[in-house]
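Visitor: Sequence and predicted structure below; questions after.
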Amino acid sequence: MLKAALGLVITLLALPASAFTFTALDGSPLELEDWRGQPVLVVNTASLCGFTRQYGDMQQIYDKYGPQGLVVLAVPSDDFRQELSSNEEVADFCRVQTGLTFPITQITPVRGAQAHPFYQWLADAHGHVPNWNFNKALIGADGELLGFWGSAMRPTARAITREIRAALP
């Protein structure tokens, strides 16, 4: 059992981020592999969080850098008890009320034993565990982590946009 668990951890450590798949709000797969060659900003989000205003910043950088290749991926999570109760409510809030156009996953665990494999990789291979909503991970065109920022760092902050611009194809 320990040997199998160790093998899984070693396998996770060796994988690029492009090996992971999320599930979109509509139930379709969101395969990071489909965005290989493009930088991807992955943000764990929550509709009822004080940082929810960052959705507007996320849309702003998606509008500005998306045509050049940037993908912004929102990962709603209720790990901090600030997400709406269903994927349908999240879709209504994000798409209808807020007008977001970038990809959004279904409600997804981002911490602990139940964390999505991407977030397990982020923790195990890079030592980054979201400590609140709106933590940001920038994945490079090669599937490697380029940067990780906490909740207080807005997606439009110079430190993030500088890394995004450097990662664009």
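Guide: Looks like it came in fine. The shown structure was predicted, so the numbers you read here are calculated from the model rather than taken from an experiment.
Visitor: measure residue 80 to residue 33 for me?
Guide: To residue 33, residue 80 is 29 Å away according to CB to CB, to the nearest Å. (C-beta placed from N, C-alpha, C; glycine too.)
Visitor: The two: who's more crowded?
Guide: Neighbour count, other CB atoms under 10 Å: between residue 80 and residue 33, residue 80 has more, with 17 against 13.
Visitor: How about that one, nearest residue that isn't a chain neighbour?
Guide: Nearest in space to residue 80, with sequence neighbours left out and distances taken as CB to CB, 6 or more residues apart in numbering, is residue 133 at 5.6 Å.
Visitor: starting at the chain centroid, how far to stretch 125-143?
Guide: 7 Å (CA atoms, centre = their mean, to the nearest Å).
Visitor: What of stretch 111-130?
Guide: That offset, for stretch 111-130, works out to 11 Å (CA atoms, centre = their mean).
Visitor: And that stretch, what's buried?
Guide: Buried positions in stretch 111-130, judged by neighbour count with 16 or more other CB atoms under 10 Å: 111, 115-116, 118-125, 128-130.
Visitor: if I pick the most centrally placed residue in the chain, what's in contact with it?
Guide: Computing the C-alpha centroid of the chain and ranking residues by CA atoms, centre = their mean puts residue 42 first, at 2.3 Å. Contacts of residue 42 were listed using CB atoms under 8 Å, 6 or more residues apart in numbering, and they are 17, 73, 75, 118, 136, 137, 138, 139.
Visitor: Can you say which of these are buried?
Guide: By 16+ other CB under 10 Å, the contacts of residue 42 give 17, 73, 75, 118, 136, 137, 138, 139 as buried.
Visitor: Could you measure from the last one over to residue 86?
Guide: Pointing back at residue 139 there. In terms of CB to CB, residue 139 sits 28 Å off from residue 86.
Visitor: Nothing else from me, thank you.
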